[in-house]
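[1] task: produce atomic coordinates for the following.
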Amino acid sequence: MTFRTPGFGRRLGTGRTRLLLPVLVALAALLVAFLVFTAVYTDLLWYRSIGFSSVFTTQLQAKAVLFFGAGLLMALVVGANVVVAYRLRPAYRPLSVEQQGLERYRAVVDPRRRLILWAMLGVLGVLTGSSVAGQWPVWLAFLHRTPFGVRDPQFHKDVSFYVFTYPFLRLVIGVIFATVILSILTAVMVHYLYGGLRLQGPGDKASPPARAHLSVLFGLFILLKAVAYWFDRYGLVHSERGAATGASYTDVNALLPAKTILAVIALLCAAMFFGNLLRRGMMLPGVGFTLLVLSAILLGGVYPLLIQQFQVKPDELAKERQYIQRNIQFTRQAYGVDGAKVAPYGSQPVADKKALQDEAAKLEQGGVRVLDPNVVGETFQQLQRIRPFYRFPDTLDVDRYQVDGKLTDTVVALRELSGAPVGQRSWVKDHMVYTHGYGFVSAYGDRFDSTEPAFITPDMPASPTQQIKVAQPEIYFGERSPRYSVVGGRGQQELNYPDNSPSGQKSSTYDGQGGVPVDSFAHRLLYSAKFQDKNLLLSGAIDKNAKILYDRSPRQMVQKAAPWLTLDGDPYPVVVNGRILWVVDGYTTSGSYPYSEQTSLGEATRDTITDTRSAVARQANDHINYLRNSVKATVDAYDGTVHLYQWDENDPITKTWMKVFDGTVQPRSSIPPELESHFRYPQDLFKVQRKILTKYHVTDPSAFYNGEGFWEVPEDPSAKGRRQPPYYQSLRMPGQDSQSFSLTTVFNPRGNPQLAAFMSVGSTPGRDYGQIQILQMPRNAQPAGPGQVQNSFETDPKVKGDLFALRQGGTKTVPGNLLTIPFGGGLLYVEPMYTKAAGGSEQQPYPIRGKILVRFGESIAAADTLEQALTQVLGGSGATAQPGSPAPPDTPGEQLSAPAKKAIEDLKAAVADYESAQKKGDYPGMGEAWKRIKDAQTALSAAGKQEPKASPSPSPSASPSATPPSS
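    I've put the predicted structure just below:
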């Protein structure tokens with residue numbers, strides 16, 4: 001027989017539970033510690049691999065100081081007030097229902113009060129430290145601040161006070177406010193729990209010690225409020241109250257003195273609370289607090305409202321004029337548009353035929369970029385992908401290269417990796433074989449090879465005779481690189497491309513400097529945990545020479561190397577001395593520049609391009625009022641080497657961060673000339689500046705107040721509801737002797753589809769780089785805007801026939817970039833029109849050149865080449881004049897043979913009959929006319945073959961090179 005002690009099993013189970021719980025907690029703590037260590041240490045290894053470990057350690061030290069400093073401040077102050085409140089508890093508590101109820105809580109809290117206190121302080125410290133640690137840029141920028149050399153007109157302080165000092169002071173005041181408020185709340189809770197404060201019962205509701213304690217805390221709170229009122233005065237330079245950003249008439253004459261008076265009243269009120277230590281009763285502090293509240297309402301709210309309503313509004317322009325002028329001046333300075341040159345243009349277009357033809361010859365010699373990088377991404381994909389595991393971006397880039405001894409606009413892209421082919425995937429293939437892209441592809445920007453891009457560097461492997469030579473075509477660091485790859489192992493075969501060799505492929509082994517070695521069990525364990533992939537730990541294919549590549553997109557790498565920068569949304573590849581480099585533009589921004597209007601980066605940079613490519617890297621609060629392109633960064637596409645070059649040598653924010661992260665940014669003088677020649681003016685900066693200039697090209701306060709002459713960025717004619725993007729192109733501005741690479745845009749008058757102005761900025765490093773030029777059109781004779789030009793292409797009878805022919809047989813047209821070019825004292829519009837077969841077609845699955853559409857004045861033409869279109873527009877009968885416009889000069893139509901002339905006339909008549917039948921819904925008539933169109937096109941083609949030297953046809957629709965539409 002077995003005897004068991006009653007309850008033994010329960011006690012044993014309870015003991016096991018008590019033993020198991022600490023073990024589980026300890027294991028959880030160890031796991032969390034391991035994961036935190038993994039994240040921190042692998043980050044450090046990554047920074048070491050690119051040579052920027054000081055950036056990581058500086059951030060870590062700053063975060064640690066702020067975390068422990070703010071956390072300890074909060075914990076110590078709140079904890080001290082809890083202890084003081086507990087020690088000031090009354091020895092005797094009168095009996096009451098309230099105290100009897102609180103006794104039960106005291107019985108629960110008292111035995112565990114130390115544990116509760118430490119837990120509460122720990123949570124408060126961690127939350128406060130975490131919040132403040134995230135503000136490390138504010139602290140470091142304050143410690144290393146650099147003067148701007150510009151003073152605000154109201155307080156006469158250097159702009160650096162508002163950009164660096166003021167945000168830090170607000171941070172400090174905010175932390176102290178939070179500490180005092182939490183101290184008050186916890187002290188009130190402890191005093192109430194232990195009887196120092198009572199809601200019921202006879203006599204005083206607060207014991208003398210509790211009253212004194214809380215008086216001190218409330219006095220500190222109101223003293224802080226006085227300090228806040230004083231510094232709020234400086235915040236008026238960011239006010240939005242008036243007609244423009246910045247301190248307005250009401251702010252300066254009502255709110256500024258009100259803030260000063262409130263600061264004085266708050267000091268007196270705080271003194272009343274502190275004086276309560278020497279006397280019994282709350283009447284005096286109560287009077288002071290009531291006075292402060294009433295003053296804040298009357299002086300801070302009602303008085304400024306009365307001034308605004310009864311002094312400012314009846315004569316707002318006269319009152320606000322000087323403050324509007326301040327806003328105009330400081331906004332233009334903050335966005336770098338104060339040097340923009342505005343010139344009248346278009347009032348005297350050139351009428352001489354010979355002069356126009358000479359200018360057209362110069363234009364053709366310099367080249368016009370008719371290859372649209374926003375359209376031909378799919379064309380590159382189909383013609384140059386070559387293998388299905390490679391791909392090109394949807395939006396390509398524009399650059400300049402010396403080709404045939406001439407600086408040529410080129411459309412460029414990299415053949416990046418899209419992943420292992422479907423059906424062949426495995427861990428080894430995904431991470432050790434298919435590891436990189438391969439090849440740099442470029443095409444002429446100003447011409448086509450028949451209907452397709454004219455490639456300069458096609459195919460792979462690259463031909464040794466190509467003019468842009470790439471010695472290292474492997475792309476291990478790109479915009480579409482895999483999450484991580486293991487490379488560089490001894491004998492590891494990393495696929496470049498399949499070929500006809502015995503092995504069936506051309507492979508290479510990575511030997512670059514970038515990457516973190518995974519030559520030890522510890523590193524493999526850490527990265528296995530980081531990527532949650534056991535194969536990194538267990539795979540036998542990884543040898544001691546292998547490296548792991550991760551976090552390797554150019555923007556991501558530059559953002560980690562320079563966390564103080566805001567990055568442009570379009571990194572672009574360049575070839576420098578045989579190596580492929582990514583160029584990333586970095587901006588310094590601020591939202592604290594005085595008197596400058598704020599704008600949203602995301603909203604300002606949004607247009608049709610952002611549908612296929614990310615815009616500027618956005619922050620949680622992307623509203624800024626200061627912007628500079630301060631840094632040009634490069635990332636080597638092969639080994640991931642990162643270089644940061646100072647570009648704006650006068651930017652104080654850049655100088656500040658160069659002191660914070662000493663040695664990470666190289667001076668501008670160290671930029672290799674071969675690299676600098678490929679730098680360009682960044683699009684996102686230009687987009688923000690053009691948005692600012694829609695208003696701030698007006699510099700007269702009266703005109704600005706009335707909104708006279710304000711502009712807007714037009715809609716993209718090819719994408720309704722989205723703004724037209726700016727375009728890179730080489731052009732010759734009025735007064736220039738030769739073409740220069742520029743970034744251009746146009747403006748409409750606000751609410752008007754016509755064209756108000758043309759704007760360009762020099763994009764070639766040199767004397768004219770960054771110089772904004774604006775050609776302002778006559779207000780009484782503004783030319784057509786982009787939408788109107790696009791509509792004229794679609795409605796012109798001759799061009800309409802060409803487009804109709806292109807759109808037959810399930811083929812659709814895709815409009816390219818509508819370029820606006822100053823030409824002959826007027827504006828020349830050029831738009832490539834592409835054709836693309838309907839989905840599923842095997843004949844034409846990508847955009848190819850259909851026609852080049854051109855308009856000058858009221859003359860419109862469409863042809864296979866820009867030269868032919870210009871000849872038609874400037875040379876005569878091929879141009880189509882709009883009703884009421886002067887007739888264009890004649891072309892030598894006599895050079896056409898009789899069969900060609902007859903075919904043209906037959907084609908014109910057939911197109912007219914087709915359109916007439918279409919309007920009537922006469923389908924048999926449409927079919928008959930369509931047969932005549934095809935017959936006329938066949939006859940015209942035959943006539944063209946018999947006369948190879950004939951001049952271009954007089955009609956776009958009747959061009960000898962026009963091909964009949966597919967059935």
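
[2] C-alpha from now on. contacts and neighbour counts both.
    OK.

[3] tell me how far the nearest residue in space to K157 that is not next to it in sequence lies from D158.
    Distance criterion CA to CA, 6 or more residues apart in numbering; nearest residue to K157, sequence neighbours excluded, is R151 at 5.1 Å. Here R151 is placed at a distance of 4 Å from D158 (CA to CA, to the nearest Å).

[4] contact partners for the residue nearest to K157?
    K157, D158, V159 (CA atoms under 8 Å, 6 or more residues apart in numbering).

[5] adding neighbour count and distance to Y303, write these out as CSV.
    Shown next, in CSV, are the contacts of R151 (neighbours: other CA atoms under 10 Å; distance: CA to CA, whole Å):
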residue, neighbour count, distance to Y303
K157, 14, 27
D158, 17, 30
V159, 20, 29
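
[6] tell me which of the residues you listed fall in helices.
    Among the contacts of R151, DSSP state H puts V159 in helices.

[7] what about the strands in the stretch 401-550 of the chain?
    406-414, 416-417, 437-438, 440-449, 452-457, 474-475, 484-487, 494-498, 505-508, 516-517, 547-550 (DSSP state E, counting those that start in this stretch).

[8] okay if I get the ones you listed as JSON lines plus mean neighbour count, distance to S592 and mean pLDDT?
    Formatted as JSON lines, the strands of the stretch 401-550 of the chain follow (neighbours: other CA atoms under 10 Å; distance: least, CA to CA, whole Å; pLDDT from 0 to 100):
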{"stretch": "strand 406-414", "mean neighbour count": "22", "distance to S592": "38", "mean pLDDT": "95"}
{"stretch": "strand 416-417", "mean neighbour count": "26", "distance to S592": "41", "mean pLDDT": "94"}
{"stretch": "strand 437-438", "mean neighbour count": "25", "distance to S592": "43", "mean pLDDT": "95"}
{"stretch": "strand 440-449", "mean neighbour count": "22", "distance to S592": "42", "mean pLDDT": "95"}
{"stretch": "strand 452-457", "mean neighbour count": "20", "distance to S592": "47", "mean pLDDT": "94"}
{"stretch": "strand 474-475", "mean neighbour count": "26", "distance to S592": "40", "mean pLDDT": "96"}
{"stretch": "strand 484-487", "mean neighbour count": "24", "distance to S592": "39", "mean pLDDT": "95"}
{"stretch": "strand 494-498", "mean neighbour count": "20", "distance to S592": "50", "mean pLDDT": "87"}
{"stretch": "strand 505-508", "mean neighbour count": "16", "distance to S592": "51", "mean pLDDT": "88"}
{"stretch": "strand 516-517", "mean neighbour count": "20", "distance to S592": "40", "mean pLDDT": "96"}
{"stretch": "strand 547-550", "mean neighbour count": "22", "distance to S592": "36", "mean pLDDT": "96"}
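
[9] among those, which is nearest D639?
    strand 474-475 (8.6 Å; CA to CA).

[10] I would like the residues contacting that closest one, please.
    E416, H436, G437, Y438, G439, N496, A637, Y638.

[11] most widely separated two among the residues you listed?
    Longest span within the contacts of strand 474-475, CA to CA: N496 and A637, 14.5 Å.

[12] re earlier: how about the strands of the stretch 401-550 of the chain in TSV, adding distance to P147?
    Shown next, in TSV, are the strands of the stretch 401-550 of the chain (distance: least, CA to CA, whole Å):
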stretch	distance to P147
strand 406-414	41
strand 416-417	44
strand 437-438	46
strand 440-449	44
strand 452-457	48
strand 474-475	42
strand 484-487	43
strand 494-498	52
strand 505-508	52
strand 516-517	40
strand 547-550	39
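
[13] what's the neighbour count on R524?
    By the other CA atoms under 10 Å criterion, the neighbourhood of R524 contains 21 residues.

[14] that one and K534 touch, don't they?
    No: R524 is beyond contact range of K534, at 9.3 Å (criterion: CA atoms under 8 Å).

[15] pLDDT weak spots in the stretch 101-250 of the chain?
    201-203 (pLDDT under 70).

[16] tell me where it has helices.
    Along the stretch 101-250 of the chain, counting by DSSP state H, counting those that start in this stretch, helices occupy 113-133, 136-143, 159-160, 166-193, 208-232, 249-250.

[17] could you dump those helices to JSON lines with distance to D358?
    As requested, those are exported to JSON lines (distance: least, CA to CA, whole Å):
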{"stretch": "helix 113-133", "distance to D358": "65"}
{"stretch": "helix 136-143", "distance to D358": "56"}
{"stretch": "helix 159-160", "distance to D358": "51"}
{"stretch": "helix 166-193", "distance to D358": "59"}
{"stretch": "helix 208-232", "distance to D358": "63"}
{"stretch": "helix 249-250", "distance to D358": "57"}
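
[18] what's the most buried one of these?
    helix 249-250 (a mean of 24; mean count of other CA atoms under 10 Å).

[19] what comes up buried for the helix or strand following it?
    Reading on from helix 249-250 to the C-terminus, the next helix or strand found by DSSP states H and E is helix 256-275. By 16 or more other CA atoms under 10 Å, the buried positions in helix 256-275 come out as 256, 258-275.

[20] report the angle between the helix or strand containing G288 and helix 256-275.
    Taking DSSP H and E as the definition, one finds G288 inside helix 283-297. Relative orientation of helix 283-297 versus helix 256-275 (axes from the mean of the first three to the mean of the last three CA atoms, to 10 degrees): 170 degrees.

[21] which other residues reach helix 283-297?
    L262, I265, A266, L268, C269, M272, F273, N276.

[22] out of the residues you listed, which is nearest to V873?
    L262 (71.8 Å).

[23] list the contacts for that closest one?
    A226, Y229, L292, S295, A296, L299.

[24] make a markdown table out of those and add distance to L127.
    A markdown table is the format used below for the contacts of L262 (distance: CA to CA, whole Å):
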| residue | distance to L127 |
| --- | --- |
| A226 | 27 |
| Y229 | 27 |
| L292 | 32 |
| S295 | 35 |
| A296 | 32 |
| L299 | 36 |
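
[25] of the contacts of R151, closest to Y390?
    Of the contacts of R151, the one sitting nearest to Y390 (CA to CA) turns out to be V159, at 50.0 Å.

[26] hang on, the closest one packs against R145?
    No: under the criterion of CA under 8 Å, V159 is not in contact with R145, lying 10.8 Å apart.

[27] just want the angle from the helix or strand encompassing T588 to strand 406-414.
    Using DSSP H and E, T588 sits within strand 579-590. In terms of direction (the same axes, to 10 degrees), strand 579-590 departs from strand 406-414 by 90 degrees.

[28] which element follows strand 579-590 toward the C-terminus?
    Heading C-terminal from strand 579-590 (DSSP H and E), you reach strand 599-600.

[29] what's the first helix or strand after that following strand?
    Strand 599-600 is succeeded, C-terminally, by helix 601-604 (DSSP H and E).

[30] any weak-confidence spans in the stretch 501-650 of the chain?
    Short version for the stretch 501-650 of the chain, where the test is pLDDT under 70: 611-621.

[31] do a quick rundown of the helices in it.
    Under DSSP H, counting those that start in this stretch, the stretch 501-650 of the chain gives helices at 521-531, 535-538, 554-561, 601-604.

[32] highest mean neighbour count out of these?
    helix 554-561 (a mean of 22).

[33] export it as CSV, just CAs?
    Output of helix 554-561 as CSV, limited to C-alpha atoms (Å, rounded to 0.1, in the frame of the first residue of the first chain):
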residue,chain,number,x,y,z
PRO,A,554,22.4,52.3,-54.6
ARG,A,555,19.8,54.5,-52.8
GLN,A,556,19.8,52.2,-49.8
MET,A,557,23.6,52.2,-49.6
VAL,A,558,24.0,56.0,-49.8
GLN,A,559,21.1,56.5,-47.4
LYS,A,560,22.9,54.4,-44.8
ALA,A,561,26.3,56.0,-45.5
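
[34] great, nothing more from me.
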